[in-house]
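> Have a look; sequence and predicted model below, questions after that.
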Amino acid sequence: MWQCAPSTTNTRKKSLWPFKTFGCCDWLSPFCCRKQSLYCTKCYSSAITTNSLSIINSIKMMRRPRATTVNAVKYKDVDSDLSFSQTVSSDEDAEEWRPPKPKSKAPNKTARGTATGEKKTTTKKTAKPKEAKAPKEPKAPKVPKEPKLRAPRKPAAGRKTQAAKSLKDSEASVLAGMERKKVDNDYREKTGGIQTDCPEETRAEESGTSVRTKEERVSFIVSESYQRDRWADEGSSQAWLGVKKEEVDAEDFTFDEPCLKKQKTSAACMGRPTNLPSSEAQSLRNELNMNWDLIEVLSHLTCVERWVCANIIMLLREENTVPFMVRYRKDMINHMDADAVRDVQMVYEELCSLAKRTQSVVQTLKKDGVLTTELEQNLRNCRSADELDHVYSPYKKGSKLTKARRAKALGLEDAASALMNTPHTLDLRAWIKPGLSSVEEVATGVEHILADMMAKDPETLTYVKTLCEKSFVSIQSSAKPDIDKFQLYFDFTCNIQRIQPHQTLAINRGESLKILTVKVNIPDRVKSDFTRWCINNRWRPKTFAKEELHAIIRNAVEDSYKRLILPFLTRSYRTKLTSAAEKESIAMFVRNLRQRLLVCPVRGCVIMGVDPGFRHGCKLAILSPTSQILQTDVVYLHNSNQPREAEKLRHLMTKYSCSRVVIGNGTACRETESFFADLISRRYFHPLDVSYCITNEAGASIYSVSPEAVQEMPDLDPNLRSAVSIGRRVQDPLAELVKIDPKHIGIGTYQHDVSAGALKTALDGVVQECVSFVGVDINICSEILMRHVAGLNAGRARSITEWREQHGPFINREQLKLVKGMGPKSYQQCAGFIRINPQTLSSVRSSSNQAPEVPEKPAAKKGKGKTGVNVSTSFNPLDQTCIHPESYHVAQRFLSLVGGSVDQIGSTTLKHCVENKVKTSSVEELARTLDTTPETLKLIIDGLTQPPGFDIRQNFGQADFKRGVVSMSDLRVGAVLTGRVDNTALFGAFVDIGVGRAGLIHKSNITLDKLPVSQRRRSLALGPGERVEVRVLNVDLQRGRIGLDLIRVLQ
């Protein structure tokens, strides 16, 4: 029966239009299913009679004033938790309820406008122009007698207006056609715009809010992208040159929301929009040989403007590195930061891999003799690996013959085609032959073929995905109650649109360990609506068909959904959730690693590195201010000879004037810390003012036995090498941590649950980014550090080291062209990140006797494969800045324009000259005068005004040195402490508060008002190394857990 029975009230009776329908139904309620459905919810039969249009128009007239009554509110409340899939076809039917003839309806509307609901109707009319835009409308109308529809005035009609599609066979086809077109439009809107979590985005009441939220999110993420590349420009101190940053809206800061797709970089173009050259674009299309445009798909998947995607593809194909693009090609990538560019690069590489795999599959199927034109087109239409596997899996070698292929082998493909195109001519008995002994077998074979066709039909898959996306699809995990692990997920259910990344990874880990059982629950409404749509629209026979043929189609739809489409949807959801969770986890690794590498170095003092231990003692290493090893030793601080060991410590520290101690956080860390704190409290090292800090020693043991450590410290015991590494991690964290595989540094969570290849690529990219943006002094940096400069690799770094050993220090950047293996492209990529420090150059020259001969030696190199390379032999002051050699001529002209010289680089005088010039003429005007881009000119200004030896890491926090120690038992609930973020996870941040156990700030306690404006972003806004003020919420001594609340971030 109809779900909403006729009301018995007099008012309700007046709004009903009673008439007889199909056998099981007696009344048609205008509020069927509360969604204006015209279908019977029992038999799926259409309630449209031959006189349907007149009935619909009459019902429309009666429904119009009811949009402003209490029923409208009740409708929204009831359906707030219902899925779109429950009544998709019904929603499309609602198009029929709108007034098709403005002239005839206007008087009635006016007359009724004075009724009870006039005020509500008037208020909602103001929001409708947003919804009324329908650029696709002119394509659809085919009915000459129906005029173009006006913008709907009723709240219930909160969708784009459409004209009727056709009136070919009967009025029932009008409804079906409108259903199909409406869903297609919904899908185009979904794929072309910004996604939303609202399951009923077509409602008038919610549409306005949804639009505003989308606009805010775009603006919010844009401002973030510009703020985050601030340090990529080497920490520009020119506040008067910066782009104005937008204030973050408070509504955008919610950690419990799902990770939204990254929005476009900007609503307005900040760079130079260009397109790929026609020859380049054609070459790219020929390489891929797919049925979709790479740039368009890339733009859709990454939500980055099309012209930016085209530029990034062109730059990547020209072998440009990400750091080079982010710093020196900002105008081409629209000021995107390194993370965003790497995301585009990753998706681009995935699409290229998909194209290669598709070509391989096509060749395999062609070789097997099963490739048809239709199958090849289906393969080349695939836009993801899941879609490709879905199409290719039935044809894989070793897979059993599918039911559809067996039926096709029996020759029933023509029968299935006849059923859909000319069912009036199909006689199933005529297909009985050897192998098909009965009509039932013939019908079953046709059903299997149709089911296979439905499961591979793009329009059908698009429709069912649209239904699911607007339904309450959930993921559920369960386990046996007698298992201790994964207790949070024993009976866990969550909407797939709301599940958090760490929950997905935890569920995957539990499933892989055979502890959890996981399934995806898709509502039954999706099946019912999908079945109805297929039977009455997409897979409806073109001509009259007998009831037995309709039964075949109905069975085929149900079989296709249950056996083929439902498993495909489940796999697709699991894959998407895992992929999104892995990306978020890797992004967390990237943020943590970047902040760990950019910790400010502690320079100008002697440091003692301590690798604590019990049985084998504490290993010591005394390091000079330049990280040279002065002395190593072993002391046993945790036995009966403590006074003697303390005297040895005092002797070493006094001998080398060492006042800084760095203790690793491994075994015996707390005991060693207490020992030093006790000596400091008794002023044992007087007159030295000694302090200590705790540093993360993750990866030190692995590095101590690596080939690089053996080559660097061949005469040291591996245990002593660990002490050296611990001390150097504070002296110069970047130079030391690059020696260790990033995955061993101890950052992030769920490291072993994400793709190892993707994690390694992302972390290596961050290391290259940090090393390049900080810059390296080519005359003193190690070979290992040099490998991570953009444009260099292990071979080129080794060649540079050999050249430096043979010919002495580099005098200028151009001498890099003389190095073996350094071609024009490599030089272009690395030159801007390499520094020639005059102080270092003079010190290296004074320590070696080769200085007078250095200018002569490059000439001898020319005969070894470097003929025709002319390089200068004089020092260029611009080589100590971040300015790229390709812009030296612009920098010289700018210096002439402001009245300065290269000898004044970094001086206060030159800075004042530049400031005065920029105040009188804007950067854009000066850029036009110098025939360059504003981005390049800003970089030149930064390079000329930054002091000599400028380091972007000076804006980041240093290690915290202290003189006392507290224990976990000293903590009290409500106590306010300061600490430093040690690590961040997807669920919160771990803070070292100096008690030997890190406390957890849950993400729910990291709120907008507690963060600086520059850190207000949708992802977790804290990273390793940041100093914070926290309040103790709870202390669990038994489990060793401390709960903290964030008070503020200390600048």
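Noted; the coordinates are in hand.

> Show me what stretch 633-651 is in contact with.
Stretch 633-651 has contacts (CB atoms under 8 Å, 6 or more residues apart in numbering) with 614, 616-620, 652, 668, 671-672, 675, 679, 684-685, 719-720. No exception for glycine: its C-beta is placed from N, CA and C like everyone else's.

> and with 6 Å instead?
614, 617-620, 671, 675, 685 (CB atoms under 6 Å, 6 or more residues apart in numbering).

> Please spell out the ChimeraX selection for the buried subset of those residues.
Here is the ChimeraX command that selects the buried residues among the contacts of stretch 633-651 (16 or more other CB atoms under 10 Å):
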select :617,618,619,620,675,685
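
> Of the contacts of stretch 633-651, just say which sits nearest to V973.
Nearest to V973, judged by CB to CB, of the contacts of stretch 633-651 is E671 at 26.8 Å.

> Save the contacts of stretch 633-651 as TSV, and put in distance to S279 and pLDDT too.
Below are the contacts of stretch 633-651 laid out as TSV (distance: CB to CB, whole Å; pLDDT from 0 to 100):
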residue	distance to S279	pLDDT
F614	69	89
G617	68	91
C618	66	93
K619	62	94
L620	64	95
E671	69	86
F675	71	90
F685	72	91
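
> what about this protein, any weak spots by pLDDT?
The model of the chain has pLDDT under 70 over residues 1-276, 398-400, 482, 847-869, 957-967, 996, 1013-1021, 1051.

> Okay, helices next: where are they in the stretch 651-800 of the chain?
In the stretch 651-800 of the chain, the helices defined using DSSP state H, counting those that start in this stretch lie at 669-681, 700-704, 707-712, 718-731, 733-737, 756-774, 783-786, 794-807.

> hey, where'd the helices end up in the stretch 901-1050 of the chain?
908-920, 923-929, 934-945.

> now the stretch 301-450 of the chain
For the stretch 301-450 of the chain, the helices defined by DSSP H, counting those that start in this stretch occupy 306-317, 322-328, 330-333, 338-368, 373-381, 385-392, 403-409, 413-421, 439-456.

> Show me what the longest one is packed against.
Think helix 338-368. On a contact count with 3 or more CB pairs under 6 Å, 6 or more residues apart in numbering; DSSP states H and E, helix 338-368 meets helix 294-302, helix 322-328, helix 373-381.

> follow-up on the earlier one: ok, which of the helices of the stretch 301-450 of the chain comes nearest Y489?
Among those, if distance is taken as CB to CB, the winner is helix 385-392, at 24.7 Å.

> Show residues contacting that closest one.
Identification of contacts with helix 385-392 by CB under 6 Å, 6+ apart yields 361, 378-379, 382, 568, 572, 575.

> Show me just the buried residues among the residues you listed.
Buried, going by 16+ other CB under 10 Å: 361, 378-379, 382, 568, 572, out of those.

> and of the residues you listed, the nearest to E783?
Closest to E783, out of all of these and judged by CB to CB, is V361, at 43.7 Å.

> Y392 versus that closest one, what's the distance?
According to CB to CB, to the nearest Å, V361 and Y392 sit 5 Å apart.

> same thing with H912?
68 Å.
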